[in-house]
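In: okay, sequence plus prediction incoming.
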Amino acid sequence: SPDARDALVGRYAQQPMRNAWHAGDIVRVAPGVYVWNNDAGVEWDVLAATDGDATFPCAANCPYAGQALHVERDADGAVAAFTFLRERYARVADGGGGGTAPPSARTASSNTSG
C-alpha cells in the first residue's frame, strides 16, 4: 500500500525565514524511511501518520522528540504546508524525480563549517 509520507516529499520554508533551521526538505531515503533535513544540516526521521494522513510524528532522533508535523492541504488535497512547533512551513517545491535521495544524502552534509 502507498505510504502517506510520499505526499510530504518536497522543500518547505517558513516565511520569513529567520535562520537555517526554518527551511529544509523532506526526502525518502529508503523504503519506509523519510527524513526532514534542514538547511542547518540537522535531520531526523518522520514517522508514519498517526491519524491517516494529517499528523506525522518526528522520531526519537529529533531534537524535539514527541512533536509532530501537522499537515495542511490545498483544495486539490495536495500538501501545501505543515505546522511544527506552532510554526508554519509552506511548500516551496515538490520532491521531483520521485523524491528519493541517494543513500549518501543521509550522511553527507553540504553545510560544513571550519
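Out: Cool, got the structure. Residues are numbered from 1 along each chain as shown.
In: contact partners for residue 22?
Out: Applying Cβ atoms under 8 Å, 6 or more residues apart in numbering to residue 22 gives the contacts 13-14, 38-39, 87, 89. Where C-beta positions appear, they are placed from N, C-alpha and C, glycine not excepted.
In: three-state assignment of the residue nearest the centre of the chain?
Out: Residue closest to the mean C-alpha point of the chain, counted by Cα atoms, centre = their mean, is residue 26 at 3.1 Å. Secondary structure, DSSP: H, G, I helix; E, B strand; the rest coil: residue 26 is strand.
In: so what does the closest residue to it other than its chain neighbours look like in phi/psi?
Out: Closest residue to residue 26 apart from its sequence neighbours, by Cβ to Cβ, 6 or more residues apart in numbering: residue 8 at 4.7 Å. Dihedral angles of residue 8 (phi, psi; degrees, to the nearest 10) stand at phi -80, psi -20.
In: and the gap between residue 8 and residue 18?
Out: 23 Å (Cβ to Cβ, to the nearest Å).
In: more neighbours, those two?
Out: For residue 8 versus residue 18, the count of surrounding residues by other Cβ atoms under 10 Å is larger for residue 8: 24 against 10.
In: which ones are touching the more buried one?
Out: For residue 8, counting by Cβ under 8 Å, 6+ apart, the contacting residues are 26, 34, 46, 56, 69, 71, 79, 82.
In: run through the protein and note the low-pLDDT ranges.
Out: Within the chain, the stretches with pLDDT under 70 are 1, 95-114.
In: now do the contacts for residue 36.
Out: Residue 36 neighbours (Cβ under 8 Å, 6+ apart): 24-26, 43-46, 58, 69.
In: the same query, at a cut-off of 10 Å, please.
Out: 8, 12, 24-27, 42-46, 56, 58-59, 62, 69, 82, 84, 89 (Cβ atoms under 10 Å, 6 or more residues apart in numbering).
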